[in-house]
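K.L.:
Return atomic coordinates for the entry below.
(chains A and B)
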Amino acid sequence: KNQVEQSPQSLIILEGKNCTLQCNYTVSPFSNLRWYKQDTGRGPVSLTIMTFSENTKSNGRYTATLDADTKQSSLHITASQLSDSASYICVVRGVYGNKLVFGAGTILRVKS
Amino acid sequence: ETGVTQTPRHLVMGMTNKKSLKCEQHLGHNAMYWYKQSAKKPLELMFVYNFKEQTENNSVPSRFSPECPNSSHLFLHLHTLQPEDSALYLCASSQLSLIPNQPQHFGDGTRLSIL
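P.N.:
Next up, the predicted model:
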């Protein structure tokens, strides 16, 4: 069964600190992996997409990594800000059937 | 401004009521989607439309009835809902559902509560 597991389920960090969110998947063969940010009361917004050949991609203070061999991705947030408080959702697209498989998300709270 | 607008933002209804959720996208996309989001669970894809034709129905109960009159508008008609249907309903759009690298653009959702 194609699955996407995210950890931790929730996380609290102090403003200015770094953090790393994890995404492990079993979807195979794999087409791409996308990270979304969902602010409270809002819809998800795409942060970055990783394809099979990419290992690292940055979007400002957000850096996503991908290890297609171990089927793991991480999202690293540098110098966190209060506005980073949100749910972060990992979504993997399989090749067959072009299906999207969603993780349950990691809820991040940044406090001052 | 997300480009995808959902109304209403909040809806409280009884189990015997009939209501509709509306979604409109201003992005020129040809694919539209309905998702259900429950607390601590992954998003569940409900329906997919491409060029206003339904291309996917993920075994959704018939008490949810989608309608897509054109590529810019999507409705979800609700009737005889159950308490477990309380959730955030998200609409999304993309260029086409079969283009693998295209992101989906989400609306801000309708928070539905069934009494």
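K.L.:
Now do the same contact list for residue 10.
P.N.:
Since no chain was named, I'll use chain A. By C-beta atoms under 8 Å, 6 or more residues apart in numbering or on different chains, the contact set of A:Ser10 is A:Thr106, A:Ile107, A:Leu108, A:Arg109. Where C-beta positions appear, they are placed from N, C-alpha and C, glycine not excepted.
K.L.:
Not quite, go with chain B.
P.N.:
Counting by C-beta under 8 Å, 6+ apart, B:His10 has contacts B:Thr110, B:Arg111, B:Ser113.
K.L.:
Can you pull the phi/psi pair for the residue lying closest to A:Gln72 once chain neighbours are set aside?
P.N.:
Nearest non-adjacent residue to A:Gln72, counting by C-beta to C-beta, 6 or more residues apart in numbering or on different chains: A:Asn24, 5.3 Å away. Dihedral angles of A:Asn24 (phi, psi; degrees, to the nearest 10) stand at phi -110, psi 140.
K.L.:
One more: the one 10 residues further on?
P.N.:
Its backbone dihedrals place A:Arg34 at phi -130, psi 140, with angles given as degrees, to the nearest 10.
K.L.:
A:Pro44 is in contact with that one, correct?
P.N.:
No. Between A:Arg34 and A:Pro44 there is no contact under C-beta atoms under 8 Å: 9.5 Å.
K.L.:
more crowded one of the two?
P.N.:
Taking other C-beta atoms under 10 Å in any protein chain shown, A:Arg34 and A:Pro44 do not tie; A:Pro44 has more neighbours (29 against 22).
K.L.:
so who does the closest residue in space to the more buried one that isn't next to it in sequence touch?
P.N.:
Nearest residue to A:Pro44 in three dimensions, chain neighbours excluded: A:Tyr36, at 3.7 Å (C-beta to C-beta, 6+ apart). The contact partners of A:Tyr36, by C-beta under 8 Å, 6+ apart, come to A:Pro44, A:Val45, A:Ser46, A:Leu47, A:Tyr88, A:Ile89, A:Cys90, A:Val91.
K.L.:
farthest pair in the residues you listed?
P.N.:
A:Val45 and A:Cys90 (14.0 Å; C-beta to C-beta).
K.L.:
residue ranges for the strands of chain A, please.
P.N.:
Taking DSSP state E to define them, one finds strands in chain A at A:4-7, A:10-14, A:19-25, A:30-38, A:45-51, A:56-59, A:62-67, A:72-77, A:86-94, A:100-102, A:106-111.
K.L.:
And for residue 14, the neighbour number?
P.N.:
If you meant another chain, say so; for now it's chain A. A:Leu14, neighbours per other C-beta under 10 Å, totals 10.
K.L.:
right idea, wrong chain: chain B
P.N.:
B:Gly14: 10 neighbours (other C-beta under 10 Å).
K.L.:
got a pLDDT number for it?
P.N.:
On pLDDT, B:Gly14 comes in at 91.
K.L.:
Next, the contact list for the residue nearest to it when sequence neighbours are not counted, please.
P.N.:
Here the nearest residue to B:Gly14 in space, its sequence neighbours aside, is B:Leu115; by C-beta to C-beta, 6+ apart that works out to 5.2 Å. B:Leu115 is in contact with B:Val12, B:Met13, B:Gly14, B:Met15, B:Pro83, counting by C-beta under 8 Å, 6+ apart.
K.L.:
Among those residues, which lie within strands?
P.N.:
B:Val12, B:Met13.
K.L.:
List buried residues within the contacts of B:Leu115.
P.N.:
B:Met13 (16 or more other C-beta atoms under 10 Å in any protein chain shown).
K.L.:
What is the nearest of the contacts of B:Leu115 to A:Thr20?
P.N.:
Proximity of these to A:Thr20 was ranked by C-beta to C-beta; the top entry is B:Pro83 with 37.6 Å.
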